[in-house]
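Q: Structure for the following, please:
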Amino acid sequence: MSRQVKAALTLALSLCLAGCDSSPPKQTEHSQQRSTASSSADAPSPPNTRQLAAEQVQHTLSPQIESLARTYGEGTNSPCSSAAAELFTPSCAAMADAVGKLAQNALAEIQGKSVPFTTMRRVAMSARNAAEQYPKLSCGTLPSSASVQEACRKHGAVIAQSPVDFRDGVNMGLAGK
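A: The predicted structure follows:
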């Protein structure tokens with residue numbers, strides 16, 4: 001190795017050793033600002049108000065939805081299924097009443113929230129309408145008119161499907177929809 005290379009390496013090594021001690025590096029004002037900014041960026045952000053609103057709706061409505069499903073079934077396992085023998089009986093009338101109450105609770109719960117709850121609002125309004133029409137048409141006592149029976153079947157299908165649809169409404173709300 002040439003003498004110039006050795007001198008350059010020796011100089012570089014001595015500079016490194018002089019600047020590399022075991023004490024922590026001194027923070028300048030600029031490095032402190034950068035450190036503070038990065039630590040606040042690394043901190044978990046607080047949940048946003050939309051997410052909190054959706055979670056509150058889920059917390060309030062999910063037990064009611066599950067209770068409805070446990071008590072009356074859902075879909076084709078419901079007394080209000082359009083193919084169920086219980087469609088024109090007090091069993092479906094009781095489910096219609098429970099669905100109407102759940103629909104009212106859902107609409108009240110989502111009123112004024114920061115999440116649009118478009119799906120939940122649509123589901124609740126449809127379920128409320130079906131639940132209101134079922135007793136108005138006397139569906140629980142086997143109406144004699146074929147056209148009224150057909151209307152009862154349509155309302156019964158909405159009522160039977162409502163636990164599933166309400167769950168979808170909660171999930172879509174959690175997704176911000």
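Q: Please identify the buried residues of the lengthiest helix in the chain?
A: Counting by DSSP state H, the longest helix found in the chain is helix 146-174. Residues of helix 146-174 classed as buried by neighbour count (16 or more other CB atoms under 10 Å): 149, 151-153, 155-163, 165-167, 169-170, 172-173. C-beta coordinates here come from the backbone N, C-alpha and C atoms, glycine included.
Q: for this structure, what are the low-confidence residue spans?
A: 1-47 (pLDDT under 70).
Q: just the helices in it please.
A: 3-19, 29-42, 49-72, 90-110, 118-136, 146-174.
Q: Nearest approach to S82 belongs to which of those helices?
A: helix 146-174 (4.2 Å; CB to CB).
Q: Could you figure out how far the closest one is turned away from helix 118-136?
A: Helix 146-174 runs at 150 degrees relative to helix 118-136, counting by axes from the mean of the first three to the mean of the last three CA atoms, to 10 degrees.
Q: and the angle for helix 146-174 with helix 90-110?
A: 40 degrees.
Q: Packing partners of helix 146-174?
A: Secondary-structure packing of helix 146-174 (3 or more CB pairs under 8 Å, 6 or more residues apart in numbering; DSSP states H and E): helix 49-72, helix 90-110, helix 118-136.
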